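Peer 1: sequence and predicted structure below; questions after.
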Amino acid sequence: MNDWVDRFVSEAFRRPLSETEVTWWHAVFEQGPDLLQSGDDIADGVQMVISTVLQSPDFLYRIERTDPNQILDRFEMASKLSFQVCNMPPDAFMRDDLDSGTFVDKYAEHAERLLLSE
């Protein structure tokens, strides 16, 4: 389930997680069975992660962690572009290019694609 937790939280926050965050989110999942006690440990862990993510400022707000005097990192750029044009988080095409490190080179292509989408 750790892979699911990592992927879900990273997509919800629209950026990769730090090692400290990964450890913390795994602990949230592990606390689910003790706190919810439904008898289904996996469902309890999933419920804890989802409910915690939905209350997190990193999910609720588009937080730019880059210093104001610096250029946004590629994850912040993708999020800003996608929300400004479509009012949605980055789509699968953007996430694929973010993961492969090619997003910045394809920024104009993504902007055009989003502007032309319905």
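Peer 2: Alright, I've got the coordinates.

Peer 1: distance-wise, check the nearest residue to residue 86 once chain neighbours are set aside relative to residue 64.
Peer 2: Nearest-residue entry for residue 86: residue 114, 5.6 Å, with adjacent residues in sequence omitted and distances by Cβ to Cβ, 6 or more residues apart in numbering. Bear in mind the C-beta positions are built from the backbone N, C-alpha and C, glycine included. Look at residue 114 and residue 64: by Cβ to Cβ, to the nearest Å, they are 19 Å apart.

Peer 1: picking that back up, quick one: secondary structure of the residue nearest to residue 86?
Peer 2: Following DSSP: H, G, I helix; E, B strand; the rest coil, we place residue 114 in the helix state.

Peer 1: which strands or helices does whichever strand or helix holds residue 34 pack on?
Peer 2: Applying DSSP states H and E as the criterion places residue 34 in helix 19-36. If contacts are counted by 3 or more Cβ pairs under 8 Å, 6 or more residues apart in numbering; DSSP states H and E, helix 19-36 sits against helix 2-13, helix 41-55.

Peer 1: dump these to CSV, plus mean neighbour count, distance to residue 74 and mean pLDDT.
Peer 2: Below are the helices and strands packed on helix 19-36 laid out as CSV (neighbours: other Cβ atoms under 10 Å; distance: least, Cβ to Cβ, whole Å; pLDDT from 0 to 100):
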stretch, mean neighbour count, distance to residue 74, mean pLDDT
helix 2-13, 16, 14, 96
helix 41-55, 16, 22, 97
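
Peer 1: a markdown table please, covering the ones you listed and showing distance to residue 99.
Peer 2: A markdown table is the format used below for the helices and strands packed on helix 19-36 (distance: least, Cβ to Cβ, whole Å):
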| stretch | distance to residue 99 |
| --- | --- |
| helix 2-13 | 10 |
| helix 41-55 | 20 |
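
Peer 1: closest one to residue 104 among the ones you listed?
Peer 2: helix 2-13 (18.9 Å; Cβ to Cβ).
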